[in-house]
Every structure is written in C-alpha cells, then in structure tokens.
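Asker: how does the following fold in three dimensions:
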Amino acid sequence: VVGVGLSPQGPELRLGGESVSRSDLAKALPLALLGPESHTLVTGGPSERRRLLDWGVFHVEPSFLEAWRRYRRALEQRNRALREGLPDAAVRAWDRELAAWGEAVHTHRSAYVVELQPVAAMLASRLLGMEGLDLGYRRGWREGTSLGEALADGLEADRERGYTAWGPHRAELEMAVAGKPARVVLSRGQQKLLVCALCLAQAELLRRRAGRVLFLVDDLAAELDRERRGLLLGLLEELGQQAFITGTDRESLLENAGSDWRVFHVERGSVREEG
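Answerer: I've put the predicted structure just below:
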C-alpha cells in the first residue's frame, strides 16, 4: 500500500505503512508517463533525454543512485568554488571525486544504452513500421581523454563561464532513424510513438529482472490513429504491463479495449465504473 500526504515539513511518503524516501518509493513503484507532449522528449533539450536514461539505469543498476548522488554533490561544490572565484586548489580539490563518480555514472549509462538499443529498435519497428532506429550516447566530455584530464584542461575556461563544462551532466542520448536525427525525419505522431517504444523497451529490461512498470497514458488518441493505438495497447498487454489510460473520447478508448479492461467514467469529481 502506497500513501502520500502533506505535513508542515513537506510531503510524507509511506510504503506498507512505513515512511520511505522518494527513491525508495520510485524503486518500489516504477512509473512511466506517456501523454500528448511526449514527443518533446525527441525535439527538446538533452536534459529530458538524460532524465529518461537515468530513470532506466536507476531501476536496473542498484549502485547507480549512489554514484549519481555523489557526482551531483561534487559538481555543486566545484561550481560553487568557481562562482565564488576561489583559488585553483579549492576548485581542484573536487576534481578527483567528481572524476571518479562521473566515470561511474558514464559506465552505467553506456552499458544500459547498449542493452536498450536492440529492444527499442524492435519495438520501434513494430510501432512505427520502419527499421533503423539507432541510439547513441555521448558522454559529456572529449573522447580519448579521462574526465579527470578534461577537468584539469578546462579549468581556465570553467572559471570564465562560472561552471563546470565537462562531465556526464552534459551527456546526450541521441536518437537516429536510418542515420538521420529522429527529430528531423519523424512526424509529431511518429515522435510520440518513438517515445512509447523507448519506454516499453525500458519496461521490458526491467521485466527481465522480475520488475514491472505502471504506465500512465494520458489522452491516448492524441496524435495516434486507431491502428497505432491498437498496436501500443497490444504491446502493453504483450509485455505484461499494467496501465491507466485516460481520454475525452470514449469511443477511441473502447474500440481498442481488451476483455479484461475495467472502464470508469469521471465527471465533476465523481467516478463510476461502466459495464
């Protein structure tokens, strides 16, 4: 049983009656949201794609969270030293820790992308009807150098900028179809389907480790025709994932409904189950 409440100190999270942290709750209840704006994961900035990538790594690699937290803490301290104009020694004092945990974050991410690639390509082929999805991972600093070397070489430039330019916080998950950027060659509806394929692929990797994902699908009909809606829902069932699906068009929901679906109507705060 999951409980969420508010106290004067902030949100209170409970799992099985016990207080838990956000990371504990996220680990116990993996959630994936697919909605009308999902396509922006393809067209938007790299931070959203890093967030998607880190969500997946967090759920399959137990040591990732600690590495990511240690890296972020060291990055914040180094950036503070840069902003305050502290001596080189005060800035470099964080380089060893930043480099060690940054390399760990990179290792976990890159291994995950290798595992995700074939599953995502297969699901994208089924949803979009096109071959050639390729996922790439750029680590956030120059190839052929260690992160420690990149930090040392970039110190003066970092001083001018006031922040650390190199590291996995600048990494990028790249998506290409037949060798061209997905944001260029795919329509908005196809971009949404690509995001669906990525989320389903992440769910499949988690399922292989005896985990499950709860999908929250908002406005199913947005950008998707009947055939694509049917394909998406069929894959959710095939992969054994539970989903809560919302929409304002009743018929577009029910035309793809399976026999074991439960359908509810929500109006003015009241909920009733439909037969």
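Asker: ok, now how distant is residue 89 from residue 155?
Answerer: Applying C-beta to C-beta, to the nearest Å, the value for residue 89 to residue 155 is 11 Å. (Each C-beta comes from the backbone N, C-alpha and C, glycine too.)
Asker: higher neighbour count, those two?
Answerer: residue 155 (14 against 8; other C-beta atoms under 10 Å).
Asker: so how far is the helix-or-strand element of the chain with minimal mean pLDDT from its chain's centroid?
Answerer: When the helices and strands of the chain are scored by mean pLDDT, DSSP states H and E, helix 250-254 comes last with a mean of 72. Offset of helix 250-254 from its chain centre (C-alpha atoms, centre = their mean, to the nearest Å): 29 Å.
Asker: the helix or strand where residue 265 lies - what's its average pLDDT?
Answerer: Take DSSP states H and E as the rule and residue 265 turns out to sit in strand 263-267. Averaged across strand 263-267, pLDDT comes to 84.
Asker: what of stretch 30-46?
Answerer: Stretch 30-46 comes out at a mean pLDDT of 92.
Asker: one more: stretch 172-179?
Answerer: Averaged over stretch 172-179, pLDDT sits at 95.
Asker: give me the contacts around that stretch.
Answerer: 42, 46, 49-50, 52-53, 113, 130-138, 140, 181-183, 185-186, 194 (C-beta atoms under 8 Å, 6 or more residues apart in numbering).
Asker: so what does the next helix or strand after the strand holding residue 265 touch, helix or strand wise?
Answerer: Using DSSP H and E, the next helix or strand after strand 263-267 towards the C-terminus is strand 270-274. When contacts are defined as 3 or more C-beta pairs under 8 Å, 6 or more residues apart in numbering; DSSP states H and E, strand 270-274 packs onto strand 263-267.
Asker: tell me the angle of the strand it packs on relative to strand 270-274?
Answerer: Strand 263-267 runs at 150 degrees relative to strand 270-274, counting by axes from the mean of the first three to the mean of the last three C-alpha atoms, to 10 degrees.
Asker: work out the gap between strand 263-267 and the centre of the chain.
Answerer: Remark: strand 263-267 is offset 29 Å from the chain centroid, using C-alpha atoms, centre = their mean.
Asker: likewise stretch 96-113?
Answerer: Distance, centroid of stretch 96-113 to centroid of chain: 17 Å (C-alpha atoms, centre = their mean).
Asker: now the least confident helix or strand of the chain: buried residues?
Answerer: Residues of helix 250-254 classed as buried: 252, 253 (neighbour count, 16 or more other C-beta atoms under 10 Å).
Asker: just the CA coordinates of that helix, formatted as PDB?
Answerer: Only the C-alpha atoms of helix 250-254 are listed here, as PDB (Å, rounded to 0.1, in the frame of the first residue of the first chain):
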ATOM      1  CA  ARG A 250     -15.000   7.400 -25.100                       C
ATOM      2  CA  GLU A 251     -15.200   5.600 -28.400                       C
ATOM      3  CA  SER A 252     -11.500   5.900 -29.200                       C
ATOM      4  CA  LEU A 253     -10.700   4.200 -25.800                       C
ATOM      5  CA  LEU A 254     -13.300   1.400 -26.000                       C
END
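Asker: quick one: which of the contacts of stretch 172-179 sit in strands?
Answerer: Counting by DSSP state E, the part of the contacts of stretch 172-179 found in strands is 133, 134, 135, 136, 137, 138, 181.
Asker: would you confirm that the third one contacts residue 117?
Answerer: Yes - between residue 135 and residue 117 there is a contact under C-beta atoms under 8 Å: 4.9 Å.
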